[in-house]
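Asker: starting from these lines, generate the structure:
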Amino acid sequence: MGNQSGKAYGLTVLCPLRSDAHEKQSFSAAVRARLHALPLDEDSPMARVPNTYLCRLFVLDDVPYQGEPAQSEHLKSKYLVFVCELHGQLETYLQGMWKNAADMINSIWEFCVGFKDDVRDADTFTRYIKKCQVTTTFYFNGSTDEPLAEQLKALYLKQEFSKFVIANQGKSAAEVQRSFAEFVKATEPSNLAGPSWRPGASRLDVA
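Answerer: The predicted model follows:
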């Protein structure tokens with residue numbers, strides 16, 4: 001039901017929200033408020049989840065027009081939608097998501113049908129997400145399918161090399177050679193755990 005492209009995987013999940021007809025608060029409004037309160041970029045809980053290329057969480061209230069010609073249709077419930085593009089196997093990714101973002105998951109998914117009864121750990125979370133998974137019909141991966149750490153390192157090296165080129169304009173060959181040796185020492189190109197972009201970073205100057 002997902003879309004596999006090499007080692008990249010497109011995940012689309014629709015989790016129905018519980019009925020709030022007899023409640024004092026709108027569950028969809030509560031979920032939206034919690035989503036809006038989440039920190040962004042490198043501070044996002046999802047930035048801690050290994051091999052997340054990109055993801056989006058939102059509440060879907062309805063889809064009033066479908067098909068061609070457009071016909072009026074309505075959903076039977078509101079949904080929490082989770083769209084994610086990731087590297088590797090889905091099960092491994094979801095296990096890592098629970099391990100690194102369980103507090104966020106419990107908060108955002110709290111009002112979804114069956115979540116509080118069925119989800120207790122990484123395994124039950126994985127089964128729950130797969131049960132709510134739908135076929136990914138529109139897949140976008142704006143990068144290669146290499147692991148996230150390799151892509152972050154490549155972006156970092158591209159950024160730093162651009163700075164190196166600008167800083168060494170007009171210098172002699174000997175000076176450039178010395179500067180390049182310092183560049184390699186500082187950036188450690190073969191060390192994925194060394195200087196790199198942080199996951200979720202949104203600016204070019206966050207080495």
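Asker: for the rest of this, base every contact and every neighbour count on C-alpha atoms.
Answerer: Fine.
Asker: low-confidence ranges, this structure, go.
Answerer: 1-2, 4-6, 21-22, 62-75, 137-145, 202-207 (pLDDT under 70).
Asker: where do the strands sit along it?
Answerer: With DSSP state E, the ranges of strands along the chain come out as 3-5, 8-16, 52-60, 65-66, 71-72, 79-87, 133-134.
Asker: other SSEs contacting the last one?
Answerer: Think strand 133-134. strand 8-16 (3 or more C-alpha pairs under 8 Å, 6 or more residues apart in numbering; DSSP states H and E).
Asker: CA atoms only: put the strand it packs on into CSV for me.
Answerer: Output of strand 8-16 as CSV, limited to C-alpha atoms (Å, rounded to 0.1, in the frame of the first residue of the first chain):
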residue,chain,number,x,y,z
ALA,A,8,12.8,5.2,-0.1
TYR,A,9,9.2,4.5,1.0
GLY,A,10,6.1,6.7,0.8
LEU,A,11,3.6,6.2,3.7
THR,A,12,0.1,7.6,3.9
VAL,A,13,-2.0,6.9,7.0
LEU,A,14,-5.6,8.0,7.7
CYS,A,15,-6.6,7.5,11.4
PRO,A,16,-10.3,8.2,12.1
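Asker: if you compare the strands of the chain, which one is most tucked away?
Answerer: Highest mean neighbour count among the strands of the chain (mean count of other C-alpha atoms under 10 Å): strand 8-16, with a mean of 23.
Asker: quick check: angle from it to strand 52-60?
Answerer: Between strand 8-16 and strand 52-60, the angle comes out at 20 degrees (axes from the mean of the first three to the mean of the last three C-alpha atoms, to 10 degrees).
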